[in-house]
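Colleague: I would like to see how this sequence folds:
(2 chains)
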Amino acid sequence: MTDVEFKKVLVAEDSSVIQNLLKKILLFENCKITSAKDGAKVLEEFGKEDYDLIIMDINLPKVNGLEATKKIRATSNIPIIGISGNAKNLPESEFSEAGMNEYMQKPLDYDKLIEWVKKYTT
Amino acid sequence: MEGDNSKLRKVQKEIVQELLNHISKEDYFELVNEFILDTRSQLKNIHTEAFSNNKQDLRRAIHTIKGNASSLGFDHLSQYTAEFEELIKSHKEEFKNPNFTIFVRSIEDALTSIEFFNNDHDRRRV
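Modeller: Numbering: from 1, shown residues only, chains lettered A, B, ... in the order given. Purely as a prediction, here's the structure:
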């Protein structure tokens, strides 16, 4: 019998509804989700565990998602997927320059999100 | 800017169908219930913050409702909230309080309708 290898995913999202939605969707992708409700918490959690992937909302309290990404990028190449409710107001370059590997706008394309999760965690 | 309840409670079928490709109907209804509870909590925050100087918390509450609604397929409700969000941004400190009451009431009415249908697990919506 083989042990299932869980992917450790840090989800930075201040909405508990979307946190739970992502947990339910990623459950079948063998993802172990850790939640962070603000940018400061993301940075704190990131230091505690060896994560495989971060899903980062842009509009986080305390430290926004772009700033948190830049700080993480200073020491790590961990894949980061950005999600946003206001992406149309930000130029594409903002996400890539912050160091995000991918980004998408809400409502999320869940097929694409799962595709990216698989891509960056194998 | 009163919201039309018959529109605000409706879901965009394509978004819900896409969700149901990944989660069960029971999970979806559970998330909608959570959305209803969370939005009611956000509306209380809006009511408090509207009469205070804490515009950042006010904007965050509205932004949260908008994002949650769109994620679960309530695109009219999300769009209505987005319009209100823009109204606040444009008026900044000079915003007139009665509009908050109208907004909160419209959202509350929509939530009551959504809750009614969700509790009956109305499959015609999905």
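
Colleague: is residue A:61 in a helix, a strand, or coil?
Modeller: Judged by DSSP: H, G, I helix; E, B strand; the rest coil, the three-state class of residue A:61 is coil.

Colleague: tell me how far it lies from residue A:16.
Modeller: Distance, residue A:61 to residue A:16, using CB to CB, to the nearest Å: 13 Å. C-beta coordinates here come from the backbone N, C-alpha and C atoms, glycine included.

Colleague: identify the contacts common to the two.
Modeller: Common contact partners of residue A:61 and residue A:16 (CB atoms under 8 Å, 6 or more residues apart in numbering or on different chains): residue A:37.

Colleague: now the helix or strand of chain A with the lowest mean pLDDT: buried residues?
Modeller: Across the helices and strands of chain A, mean confidence by mean pLDDT, DSSP states H and E is lowest for helix A:92-98: a mean of 87. Applying a neighbour-count criterion of 16 or more other CB atoms under 10 Å in any protein chain shown, one finds A:94, A:95, A:98 buried in helix A:92-98.

Colleague: the following helix or strand past it and chain B, any residue contact?
Modeller: The helix or strand immediately downstream of helix A:92-98 is strand A:102-105, counting by DSSP states H and E. No: figure legend: strand A:102-105 not in contact with chain B (CB under 8 Å from any CB of the partner chain); closest approach 9.3 Å.

Colleague: contact partners of strand A:102-105?
Modeller: A:58, A:81, A:82, A:83, A:84, A:85, A:87, A:88, A:95, A:112, A:113, A:116.

Colleague: I'd say residue A:98 and residue A:64 touch.
Modeller: No: counting by CB atoms under 8 Å, residue A:64 is not a contact partner of residue A:98; they are 9.7 Å apart.

Colleague: pull up the residues of chain B that are close to chain A.
Modeller: B:15, B:18-19, B:21-23, B:27, B:31, B:34-35, B:38, B:60, B:63-64, B:66-68, B:70-73, B:75.

Colleague: appreciated, that's everything.
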